[in-house]
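Enquirer: Next one to model:
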Amino acid sequence: MARYIGPKTKIARKFRDPIYGPDKYFEKKNYPPGMHGQSKRRSKASEYGIQLMEKQKAKYTYGILERQFKNTFQKAARKGGKTGEVLLQLIEARLDNLVFRFGIAPTRNGARQLITHRHITVNGKVVNIPSYEVRPGDIIAVRERSKSLEVVLNSVASRSNQYPWLEWDVNMLTGKFMNYPEREQIPETIKEQLIVELYSK
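Expert: The predicted structure follows:
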């Protein structure tokens, strides 16, 4: 699957937000990239430009390409409730995101690699599709023969974030997806209403 493998700090500077986590280079250059990055006379973005930027920010944050993102939005639009909130809930329920949230991998890219290399199971069965939609009640685990992987052990050992919609068993290296998170429980600084407005044009 195609994915972004370019410089992450440059992307974070583009959105003026450390979307890939703490970044000392971002702190040093907290302004947009390019020769006009520090210019105070940068042209004001249009309404469409602001909405497009927010969609791009969400895509880069979660590591989702355009077609997948659009399909997820359309699925969210068909469900009841606030489309923007449902969109984020569906994205949060992706297997790669949950492997990252559980702390099995330090980044979403790392989570995708573990999944595609068949180190992760869902309800006891190996799943190697990062975009697999996990449902409430599903059990995500590190495959038995993969529990000794250094990258997994190091990531779990440094795990600090805990989320109320997830249940983690550190001894068994298994996690349960309890339910879809409420919007205020999702830590990402994404203005989902701007994405809804963009797709509604």
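Enquirer: so what's residue 187 closest to, chain neighbours aside?
Expert: Take residue 187 and drop its neighbours on the chain: the residue closest to it by C-beta to C-beta, 6 or more residues apart in numbering is residue 161, 7.9 Å away. Using the backbone N, CA and C atoms, a C-beta is placed for each residue, glycine as well.
Enquirer: roughly how far apart are that neighbour and residue 138?
Expert: In this view, residue 161 and residue 138 are 20 Å apart by C-beta to C-beta, to the nearest Å.
Enquirer: More neighbours: those two, which one.
Expert: residue 138 (18 against 10; other C-beta atoms under 10 Å).
Enquirer: The helix or strand of the chain with the lowest mean pLDDT: what's the following helix or strand?
Expert: When each helix and strand of the chain is scored by mean pLDDT, DSSP states H and E, helix 24-28 comes last, with a mean of 54. Moving toward the C-terminus from helix 24-28, the next helix or strand (DSSP states H and E) is helix 47-62.
Enquirer: in that following helix, what counts as buried?
Expert: Neighbour-count burial for helix 47-62, with 16 or more other C-beta atoms under 10 Å as criterion, is recorded at 51, 53-62.
Enquirer: ditto for stretch 138-147
Expert: Buried-residue list, stretch 138-147, by 16+ other C-beta under 10 Å: 138-143, 146.
Enquirer: Same check on stretch 110-126?
Expert: Those would be 110-115, 119-122, for stretch 110-126 by 16+ other C-beta under 10 Å.
Enquirer: what helix or strand is residue 81 on?
Expert: Assigned by DSSP H and E, residue 81 falls outside every helix and strand.
Enquirer: quick one, phi psi at it?
Expert: Phi and psi for residue 81, reported as degrees, to the nearest 10, are phi 90, psi -170.
Enquirer: center of the protein - which residue?
Expert: Compute the mean C-alpha point of the chain, and by C-alpha atoms, centre = their mean the closest residue is residue 62, 2.9 Å away.
Enquirer: Disregarding flanking residues, what is the spatial nearest neighbour of that residue?
Expert: Nearest residue to residue 62, sequence neighbours excluded (C-beta to C-beta, 6+ apart): residue 91, at 5.4 Å.
Enquirer: Before we go further, the one you found is sitting in a strand, right?
Expert: No. Residue 91: not assigned to a strand; according to DSSP: H, G, I helix; E, B strand; the rest coil it is helix.
Enquirer: Give the burial count for it, as a bare number.
Expert: 26.
Enquirer: pretty sure it is touching residue 72, no?
Expert: Yes. Using C-beta atoms under 8 Å, residue 91 is in contact with residue 72, at 6.2 Å.
Enquirer: Show me whatever sits in contact with both of the two.
Expert: residue 64 (C-beta atoms under 8 Å, 6 or more residues apart in numbering).
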